[in-house]
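Asks: coordinates only, sequence not included:
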């Protein structure tokens, strides 16, 4: 495979500004707004809603389960929809529905209403966060810079966390959780005009014949004339290979642990008496501004198959230090530092590894399926963490179990990079080329 060179990140292609950078900005916005509002602000609602409705945290966690089950179903189709139809129409339509549901959630008076509305949101969220960024990057950037481009788009969640989590926490403290839902609807509405006026599905629609990061003709000739762009195997072929299921399981386990952290972290810090729990949580998320860029850029340099084995160990360390915070909050500094790399895994590693392991010939479909792996994890993680709290009165045991699971994630990602090489070559695709 042609090696990464910083010169490949040129702002121009064919003598004019490359529109892929506008699409990368839109990917950044998806993560900056939609991902943070969906994933990172959730933990703010556990304590106030549970207290007002008189329910346990395990019961309230069912809202996340309902939403994620619907995301799981939606993910099976959203990849095809976003490939077939124009994003300038799809993204605004999804956003409008999400804004309406947030406004209705602000008027909810029973858990069943929150469950129904979260379910409706789930179908929309499937096409609002990681998946559109993955598709945008795959469509607009070639293999030499895909990791760096992906990380630039994905680091929007780190920047957004520094803005929206503290803002929503202040709104909730001053005006309550209902007003916070209204504020979240307002923030989401920002995406409607941006998506409508800026989104373009493919480079050809803007007159570009090549993508930034595609191999030059000389590089293609050096590989024996093998075209590196849009090569690989089909989704159906991937499903027959153990390497697919190793990667799928690793992505699911990652999100079990990650969603346990993002939904319960603020409540955990509050339980152990930390007055600045929301600030610590926001600071950890903020490190992703640098962390996601590092994971993507390093993946381009040392190969994503190696980074996929190394990065999970950082996330495992996050949970060890998180558990130690129950004894001394000084460990929160280590949580923040390790989260810089560990927290970047869910939104970068599965996408980059899918392209490396199976090619981008059928990437839209496989990205949707891999998104389902994360959805499965999101169903289990919050309930598991909340259940441990309801049984033991603390999250500490859950944190230690999650730390151990990340060792398994490293092993599974290693296997996903070494299995079935002969079968892939027989199908006409060499992941190491």
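Replies: Noted; the coordinates are in hand. Please read all numbers here as calculations on a predicted model, not as lab measurements.

Asks: Can you name the next helix or strand after whatever helix or strand residue 322 lives in?
Replies: When elements are defined using DSSP states H and E, residue 322 is found to belong to helix 304-324. In the C-terminal direction, the helix or strand that comes right after helix 304-324 (DSSP H and E) is helix 332-342.

Asks: just checking, next helix/strand downstream of that next one?
Replies: Moving toward the C-terminus from helix 332-342, the next helix or strand (DSSP H and E) is helix 345-358.

Asks: Quick check, residue 340 in contact with residue 289.
Replies: No. Contact status for residue 340 versus residue 289: not in contact, 9.0 Å apart, counting by C-beta atoms under 8 Å. Where you see a C-beta, it was placed from the backbone N, CA and C, and this is true even at glycine.

Asks: Can you find the helix or strand of the chain with the lowest average pLDDT?
Replies: Averaged element by element with mean pLDDT, DSSP states H and E, the chain has its least confident helix or strand at helix 217-222 (a mean of 64).

Asks: Mind giving me the packing neighbours of the helix or strand just after that helix?
Replies: For helix 217-222, the succeeding helix or strand toward the C-terminus, using DSSP H and E, is helix 235-238. Using 3 or more C-beta pairs under 8 Å, 6 or more residues apart in numbering; DSSP states H and E as the contact criterion, the elements in contact with helix 235-238 are helix 363-392.

Asks: Please point out which parts of the helix it packs on sit buried.
Replies: Taking 16 or more other C-beta atoms under 10 Å as the neighbour-count basis, helix 363-392 is seen to contain the buried residues 363-386, 388-389.

Asks: List the buried residues for the helix or strand containing residue 82?
Replies: Of the helices and strands defined by DSSP H and E, residue 82 is found in helix 57-84. In terms of neighbour count (16+ other C-beta under 10 Å), helix 57-84 has its buried residues at 57-58, 60-75, 78-79, 81-83.

Asks: Name the residue in residue 340 and residue 289 with the higher neighbour count.
Replies: Set side by side, residue 340 and residue 289 show more neighbours around residue 340, with 21 against 17, by other C-beta atoms under 10 Å.

Asks: Nearest residue to residue 290 in space, please, no chain neighbours.
Replies: Nearest residue to residue 290, sequence neighbours excluded (C-beta to C-beta, 6 or more residues apart in numbering): residue 340, at 6.2 Å.

Asks: show me what contacts the one you found?
Replies: 287, 288, 290, 291, 294, 314 (C-beta atoms under 8 Å, 6 or more residues apart in numbering).

Asks: what about the nearest residue to residue 305 once chain neighbours are set aside, neighbour count?
Replies: Taking C-beta to C-beta, 6+ apart, and ignoring the residues beside it in sequence, residue 305 has residue 417 as its nearest neighbour in space, at 3.6 Å. Burial of residue 417 is recorded as 21 neighbouring residues (other C-beta under 10 Å).

Asks: I'd guessed residue 417 sits against residue 244; true?
Replies: No. Counting by C-beta under 8 Å, no contact exists between residue 417 and residue 244, whose distance comes to 11.9 Å.

Asks: what residues do these two have in common as contacts?
Replies: residue 357.

Asks: what about stretch 322-341, how long is it end to end?
Replies: With C-alpha to C-alpha, to the nearest Å as the measure, the ends of stretch 322-341 fall 15 Å from one another.

Asks: Which positions in it come out as buried?
Replies: Within stretch 322-341, the residues that count as buried by 16+ other C-beta under 10 Å are 322-326, 329, 331-332, 334-341.

Asks: cool, and stretch 294-309?
Replies: By 16+ other C-beta under 10 Å, the buried positions in stretch 294-309 come out as 294-300, 303-305, 307-309.

Asks: How far off centre is that stretch?
Replies: Between the centre of stretch 294-309 and the centre of its chain there are 17 Å (C-alpha atoms, centre = their mean, to the nearest Å).

Asks: what residues are up against residue 121?
Replies: Residues near residue 121 by C-beta under 8 Å, 6+ apart: 38, 67, 70, 97, 98, 101.

Asks: cool, residue 359 as well?
Replies: The neighbourhood of residue 359, defined by C-beta under 8 Å, 6+ apart, consists of 230, 231, 232, 233, 429, 431.

Asks: and the second one, how many neighbours?
Replies: Burial of residue 231, expressed as a neighbour count using other C-beta under 10 Å, amounts to 15.

Asks: same deal with residue 44?
Replies: For residue 44, using other C-beta under 10 Å, the count is 22.

Asks: what's the helix or strand for the residue nearest to residue 297 when sequence neighbours are not counted?
Replies: If you skip the residues right next to it in sequence, residue 297 has residue 148 as its closest partner in space, 5.0 Å away by C-beta to C-beta, 6+ apart. Following DSSP H and E, one finds residue 148 within helix 146-154.

Asks: where does residue 236 land on pLDDT?
Replies: At residue 236 the predicted local distance difference test score is 88.

Asks: any idea how far it lies from residue 358?
Replies: 11 Å (C-beta to C-beta, to the nearest Å).

Asks: With neighbour numbers in mind, choose between these two.
Replies: Counted by other C-beta under 10 Å, residue 236 and residue 358 do not tie: residue 358 has more neighbours, with 26 against 9.

Asks: Contacts only, for that one.
Replies: 232, 233, 238, 244, 366, 424, 429, 431.

Asks: go with 7 Å
Replies: With C-beta atoms under 7 Å, 6 or more residues apart in numbering as the criterion, the residues that contact residue 358 are 232, 233, 238, 366.

Asks: Residue 252 too?
Replies: Under the criterion of C-beta under 7 Å, 6+ apart, the contact list for residue 252 reads 373, 376, 377.

Asks: Can I get those residues in a markdown table including pLDDT and distance to residue 25?
Replies: Formatted as a markdown table, the contacts of residue 252 follow (pLDDT from 0 to 100; distance: C-beta to C-beta, whole Å):
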| residue | pLDDT | distance to residue 25 |
| --- | --- | --- |
| 373 | 88 | 27 |
| 376 | 88 | 31 |
| 377 | 90 | 29 |
